[in-house]
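In: here's a sequence, model it:
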Amino acid sequence: MTKEINDIAARYGCSFIYLFGSQADAGGEFLDEKTIYAETSRELHSSSDLDIAVAFNEIPSKPDETSANLYRDLSEIFDPFTVDVVFMHEVDSLFNYEIIKGRRIYAKDEDAADEFEDSIVKRASDLYFKKKIYDNEVMGAIENGYFAFEYSPRP
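Out: Model (predicted):
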């Protein structure tokens, strides 16, 4: 399976590929063992999808086409999982932080991957701190009556 992942990474110009989310461990075991039991297969169809994140050497010039083709190719490799593909350049630092907490299954350069992850941790830390301040300010404004919410159910 590693060869198949490496081939996909080369074909699409991927720098890094991660498995993340609730099925990351199962996806990693599938890659390692190259087998999946029938009962596990049935469970996969009823459970959440396998989230796969991709970072590129260069942002694809045709992102929709790249997304569709990557989805097809990764779906074939990870069958019987249902996959969901995320481009890391399209999501914020907090989301990228959740991604790198998963399992890295491909890195064109391990040192570059480590530096990439370090930069994500730093940006996510900064963003988390700013978001926390903003959330506290909004909650304070609500508590002090600066915002009024009115709910009316739709007919």
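
In: what strand or helix carries F81?
Out: F81 belongs to no helix or strand when assigned by DSSP states H and E.

In: which strand residues bridge the closest residue to it other than its chain neighbours?
Out: Leaving out its chain neighbours, the residue that sits closest to F81 by CB to CB, 6 or more residues apart in numbering is L50, at 4.1 Å. The C-beta positions use only the backbone N, C-alpha and C, and glycine is treated the same way. When assigned by DSSP bridges, L50 has beta-bridge partners V83.

In: what helix or strand is the residue most central in space within the chain on?
Out: Nearest to the mean C-alpha position of the chain, by CA atoms, centre = their mean, lies A53 at 4.0 Å. In the assignment (DSSP H and E), A53 maps to strand 50-56.

In: what's the pLDDT at T35?
Out: We have a pLDDT of 56 for T35.

In: ugh, typo on my part, it should be S41
Out: Reported pLDDT for S41: 53.

In: likewise for D114?
Out: Reported pLDDT for D114: 95.

In: do the same with Y128
Out: 79.

In: chain neighbours aside, what residue packs nearest to it?
Out: In space, Y128 is closest to L94, 6.4 Å off (CB to CB, 6+ apart).

In: number of residues surrounding that neighbour?
Out: By other CB atoms under 10 Å, the residues close to L94 number 15.

In: which element is it on?
Out: Short version, using DSSP H and E: L94 is in helix 93-100.

In: on that earlier part again, name the next helix or strand downstream of the strand holding A53, please.
Out: That would be, after strand 50-56 and using DSSP H and E, helix 63-77.

In: this protein: strands as residue ranges?
Out: For the chain, the strands defined by DSSP state E occupy 14-20, 50-56, 83-87, 103-107.

In: using PDB, list the CA coordinates for the third one.
Out: Put plainly, it is strand 83-87. Listed next in PDB are the C-alpha coordinates belonging to strand 83-87 (Å, rounded to 0.1, in the frame of the first residue of the first chain):
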ATOM      1  CA  VAL A  83     -13.300   8.600   2.100                       C
ATOM      2  CA  ASP A  84     -13.400  12.300   2.400                       C
ATOM      3  CA  VAL A  85     -10.500  14.400   1.000                       C
ATOM      4  CA  VAL A  86      -9.500  17.800   2.400                       C
ATOM      5  CA  PHE A  87      -6.900  20.100   0.900                       C
END
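
In: one step back: report the buried residues of the helix holding L94.
Out: For helix 93-100, burial by neighbour count (16 or more other CB atoms under 10 Å) applies to S93, N96, Y97, E98, I99, I100.
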